[in-house]
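S.K.: model the following, please.
(chains A and B)
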2 protein chains.
Amino acid sequence: MSPTITAFKSSPDRGRGLARDMPVRWALDEVGQSYDVRLLSFVEMKEAAHRARHPFGQIPTYEDGDLALFESGAIVFHIAERHAGLLPDDANARARAITWMFAALSTVQPPIVDRGMAVLLEREKTWYAERLPILDQGVRDRLNDLSSRLGDADWLDGEFSAGDLLMVTVLRRLNGSGLLEDYPNLSAYVARGEARPAFKRAFDAQLAVFTAVSSG
Amino acid sequence: MSPTITAFKSSPDRGRGLARDMPVRWALDEVGQSYDVRLLSFVEMKEAAHRARHPFGQIPTYEDGDLALFESGAIVFHIAERHAGLLPDDANARARAITWMFAALSTVQPPIVDRGMAVLLEREKTWYAERLPILDQGVRDRLNDLSSRLGDADWLDGEFSAGDLLMVTVLRRLNGSGLLEDYPNLSAYVARGEARPAFKRAFDAQLAVFTAVSSG
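M.R.: The predicted structure follows:
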């Protein structure tokens, strides 16, 4: 039986692959695991039936038999643990790949989300012009370090891993900001992720939801 | 041989257990694993020798033989995987505990850190009075959901796990904000964590560094 994930019935990103179901779809496609999708409206996300699966009333969730999980990083890890292809076999390399999973979500993502939220919600505020450069610098501080570490390697630590999958997903949130373009190696890194067949399948699947809803 | 972690030579939190070595110390004490500590100044943290271990020039790191890790969540997970006591044996319960690890760091922590940074850095800004209530509400949104899920249980999902360890660590960052006090079950949850013998040992160890530096 295939697992079931949840996703937005109408994604606020208009199908650009920035919603949190994207890394889960991508991970499932990387390991060749088919899945079902249950689409939720913003109202349904906050109802008790969904909150039983996700205490914070968000997407995605992951259900497989008796197991219900939430939190995209945890779901990607669960998939990576149970299938070959997203974590190295060598114990030390595996621990380092998991480190990059946490680094993507806990260290690189926060300043990127903070900046994105300010652009979305604070554009009309009196402080926007003064705060935006501070937020930009917070993002650049992380990108500087990440770019130095990546150097001219293809992936963060050896073969492509769940750490790269999450890091590419996080960096894609900078699309349109102009910030990533100052780091040619990071831009190429994101492009390498996007060129993977599994990324393309996952991207097309989440875009199809938006297209169907828009035209339906 | 004991692993070696890194910590601040002079912690900016003055030994209140809010630096990121705290969850790593706590996890090591929970499983009864002794460890060595190498203390770093803010200058040493940014030097090449440390950046080879930690690309973002922060603490903590974890070294054990050939293995070098960074990112407190990943280090706690590494400890939890290799010792009994921080993750359940049952596969589904284990996956749910890992979900709470990611939820603590990726969903609950960001609004708490955002608020803390604003209190620290934006107090003199013209926008502080208008922004603080927005940041408070972001924290409350998460605490409302977390409080509802916890209910009157002792821990988030069955026995104490690495998920609780990270969640308690994250919630302790609200000390002094007055926000946690509106949620008696969350306040009691944090107190239960702080009452664990391993928490106390870890707390005393990090406080001893600050006390020694201050008086030395």
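
S.K.: near chain B, which residues of chain A show up?
M.R.: Contacts of chain A with chain B, taken as Cβ under 8 Å from any Cβ of the partner chain, map to A:51, A:55-58, A:66-67, A:69-71, A:73-75, A:77-78, A:92, A:95-96, A:98-99, A:101-103, A:105-107, A:109-110, A:113-114, A:125-127, A:130-131, A:142, A:145-146, A:148-149. Heads up, the C-betas are built off the backbone N, CA and C, glycines and all.

S.K.: any of those buried? List them.
M.R.: Neighbour counting by 16 or more other Cβ atoms under 10 Å in any protein chain shown classes A:51, A:55-58, A:69-71, A:73-75, A:77-78, A:95-96, A:98-99, A:101-103, A:105-107, A:109-110, A:114, A:127, A:131, A:142, A:145-146, A:149 among those as buried.

S.K.: which of the residues of chain A next to chain B fall within helices?
M.R.: Counting by DSSP state H, the residues of chain A next to chain B place A:51, A:73-75, A:77-78, A:92, A:95-96, A:98-99, A:101-102, A:109-110, A:113-114, A:130-131, A:142, A:145-146, A:148-149 in helices.

S.K.: pretty sure A:F199 contacts A:G193?
M.R.: Yes. Using Cβ atoms under 8 Å, A:F199 makes contact with A:G193 at a distance of 5.9 Å.

S.K.: who has more neighbours out of the two?
M.R.: Under the criterion of other Cβ atoms under 10 Å in any protein chain shown, the comparison of A:F199 against A:G193 puts A:F199 first, with 23 against 20.

S.K.: quick check: nearest residue in space to the more buried one, chain neighbours excluded?
M.R.: Of all residues not flanking A:F199 in the chain, A:W26 sits nearest, at 5.5 Å (Cβ to Cβ, 6 or more residues apart in numbering or on different chains).

S.K.: and that neighbour, what does it touch?
M.R.: Neighbouring residues of A:W26 by Cβ atoms under 8 Å, 6 or more residues apart in numbering or on different chains: A:L165, A:T169, A:A198, A:F199, A:A202, A:F203.

S.K.: check which helix or strand the fourth one maps to.
M.R.: Using DSSP states H and E, the secondary-structure element containing A:F199 is helix A:197-215.

S.K.: list of residues touching that helix?
M.R.: For helix A:197-215, contacts defined as Cβ under 8 Å, 6+ apart pick out A:7-11, A:14-15, A:17, A:19, A:21-22, A:25-26, A:28-30, A:37, A:39, A:168, A:193-194.

S.K.: just the CA trace of that helix, in CSV.
M.R.: The C-alpha trace of helix A:197-215 is given here as CSV (Å, rounded to 0.1, in the frame of the first residue of the first chain):
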residue,chain,number,x,y,z
PRO,A,197,14.4,13.5,-12.7
ALA,A,198,12.8,12.9,-9.3
PHE,A,199,12.7,16.7,-8.7
LYS,A,200,11.1,17.2,-12.0
ARG,A,201,8.4,14.6,-11.4
ALA,A,202,7.7,16.0,-7.9
PHE,A,203,7.6,19.5,-9.3
ASP,A,204,5.2,18.6,-12.1
ALA,A,205,2.9,16.7,-9.6
GLN,A,206,2.5,19.7,-7.3
LEU,A,207,2.1,22.1,-10.2
ALA,A,208,-0.6,19.9,-11.7
VAL,A,209,-2.7,20.4,-8.5
PHE,A,210,-2.5,24.1,-8.8
THR,A,211,-3.3,24.1,-12.6
ALA,A,212,-6.2,21.8,-12.0
VAL,A,213,-7.6,23.9,-9.3
SER,A,214,-7.1,27.1,-11.2
SER,A,215,-8.9,25.8,-14.3
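
S.K.: where in chain A is pLDDT low?
M.R.: For chain A, the stretches with pLDDT under 70 are A:213-216.

S.K.: swap in 90 and give it another go.
M.R.: A:1, A:11-12, A:14, A:210-216 (pLDDT under 90).

S.K.: separation between A:L18 and A:Q58?
M.R.: 14 Å (Cβ to Cβ, to the nearest Å).

S.K.: ok, the spatially closest residue to A:G163 that is not a sequence neighbour - contacts?
M.R.: Nearest non-adjacent residue to A:G163, counting by Cβ to Cβ, 6+ apart: A:W100, 2.7 Å away. Taking Cβ under 8 Å, 6+ apart, we find A:W100 in contact with A:L156, A:D157, A:S161, A:G163, A:D164, A:L166, A:M167.

S.K.: domains in chain A, by residue range?
M.R.: Following automatic domain parsing, chain A resolves into domains at A:4-85+A:198-209, A:91-196.

S.K.: centre of the chain to the shortest one, how far?
M.R.: Looking back up the chat, that one is domain A:4-85+A:198-209. Chain-centre distance of domain A:4-85+A:198-209: 10 Å, with Cα atoms, centre = their mean, to the nearest Å.

S.K.: end to end, how far does it reach?
M.R.: One end of domain A:4-85+A:198-209 sits 15 Å from the other (Cα to Cα, to the nearest Å).

S.K.: how about stretch A:58-71?
M.R.: The first-to-last residue distance of stretch A:58-71 comes to 9 Å (Cα to Cα).
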